[in-house]
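Peer 1: The amino acid sequence is not available; the structure is as follows:
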C-alpha cells in the first residue's frame, strides 16, 4: 500500500517558469509533510516542510500548498533555474518518532 | 551532510556473503534511520533506532538487521547478501521530541551484490 503518491514522475520546465509537483496521502494521522531535494550522487536534503495547521508555507522561491480536506500537498518552484534540476521527494510522518514515508520522486529538469 | 558519515561509500560483494554498513553521527541526535533507494521506489525505510539498543523495523526489513551500541553509531547488516539487495543505502538522523522532525541524510553507500 503506497501511502504517499507523487506526480509527475518527471517534469521539464523552461528557465523562469513555475514547477509544480503534487503529492497525495492516505493516512489522516500524518502531521508533518517535508519536501526533499536530491542531486545526483548526494543524499536527500530537506528543502521545506509544513504542518497541517497552515495551508501554505513559503521560503524564497519554494512554496508548499497544503489541502487537508483533499489530503494533498504540492511544491511550487517559482522562477525555476537550471540549478534547481534535481529529484524531489515529498514525504509524510506522524508522531514523535519522525518515521518518514516517501513518495517515489519527481525528476525535474529546468532547461536554460 | 550534517555531521553524518557512512562507510564504506562503495562496496561490491558476492551473493551469500555478510555485509555491514556503518553510519556515524557527530550531532548527538537520538533517532537514526536506514533507508534504501531504488529506481521507481523512492526511499524506503529499512530499520530505525530511537535510542541506544532501541530499534524497530521499517517497511522493508526482511534480510536486514541493525545494532546501535552507542549514540553515534548505527550499523546495518545484511546477514547473507542477495542480488535484490543491490541498492544505494542512506542513513539519516533526527532530533528527539522538541525538534521539528527534520531528518538529515548521509552521503549514501552504493552496494552491489554480484
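Peer 2: Thanks, I have the structure now. Everything numeric here is computed off the predicted structure, so don't read it as measured data. Numbers count the residues shown, from 1 in each chain, chains lettered A, B, ... in the order given.

Peer 1: who are the neighbours in contact with residue A:35?
Peer 2: By C-beta atoms under 8 Å, 6 or more residues apart in numbering or on different chains, residue A:35 lies in contact with A:46-49, A:62, A:64, A:75, A:88-91. All C-beta atoms are positioned from the backbone trio N, CA, C, and that covers glycine.

Peer 1: next one: residue A:75
Peer 2: Under the criterion of C-beta under 8 Å, 6+ apart, the neighbours of residue A:75 are A:19-21, A:35, A:47-48, A:62-64, A:88, A:90.

Peer 1: would you say it is within a strand?
Peer 2: Yes: under DSSP: H, G, I helix; E, B strand; the rest coil, residue A:75 sits within a strand.

Peer 1: Please report the distance of the residue lying closest to residue B:114 once chain neighbours are set aside from chain A.
Peer 2: Computed as C-beta to C-beta, 6 or more residues apart in numbering or on different chains, the closest residue to residue B:114 that is not its neighbour in sequence is residue B:14, at 5.7 Å. Computed as C-beta to the nearest C-beta, to the nearest Å, the residue B:14 to chain A distance reads 25 Å.

Peer 1: Contacts only, for residue B:14.
Peer 2: Residue B:14 makes contact with B:81, B:113-114 under the criterion C-beta under 8 Å, 6+ apart.

Peer 1: Need the buried ones from those residues selected in ChimeraX.
Peer 2: Only the buried entries of the contacts of residue B:14 go into this ChimeraX selection, using 16 or more other C-beta atoms under 10 Å in any protein chain shown:
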select /B:81,113
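
Peer 1: Including pLDDT and secondary structure, could the contacts of residue B:14 go into JSON lines?
Peer 2: Below are the contacts of residue B:14 laid out as JSON lines (pLDDT from 0 to 100; DSSP: H, G, I helix; E, B strand; the rest coil):
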{"residue": "B:81", "pLDDT": "96", "secondary structure": "coil"}
{"residue": "B:113", "pLDDT": "97", "secondary structure": "strand"}
{"residue": "B:114", "pLDDT": "95", "secondary structure": "coil"}
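
Peer 1: follow-up on the earlier one: widest-spaced pair of the contacts of residue A:35?
Peer 2: A:62 and A:91 (15.1 Å; C-beta to C-beta).

Peer 1: Neighbour count: these two, which is higher?
Peer 2: residue A:91 (25 against 18; other C-beta atoms under 10 Å in any protein chain shown).

Peer 1: Could you confirm whether any residue of the helix or strand encompassing the more buried one contacts chain B?
Peer 2: In the assignment (DSSP states H and E), residue A:91 maps to strand A:86-92. Yes: interface with chain B: strand A:86-92 contributes residue A:89 (C-beta under 8 Å from any C-beta of the partner chain).

Peer 1: Against which helices or strands is that strand packed?
Peer 2: Using 3 or more C-beta pairs under 8 Å, 6 or more residues apart in numbering or on different chains; DSSP states H and E as the contact test, the elements touching strand A:86-92 are strand A:4-7, strand A:19-25, strand A:33-38, strand A:72-77, strand A:101-102, strand A:106-111.

Peer 1: Brilliant, that's me finished.
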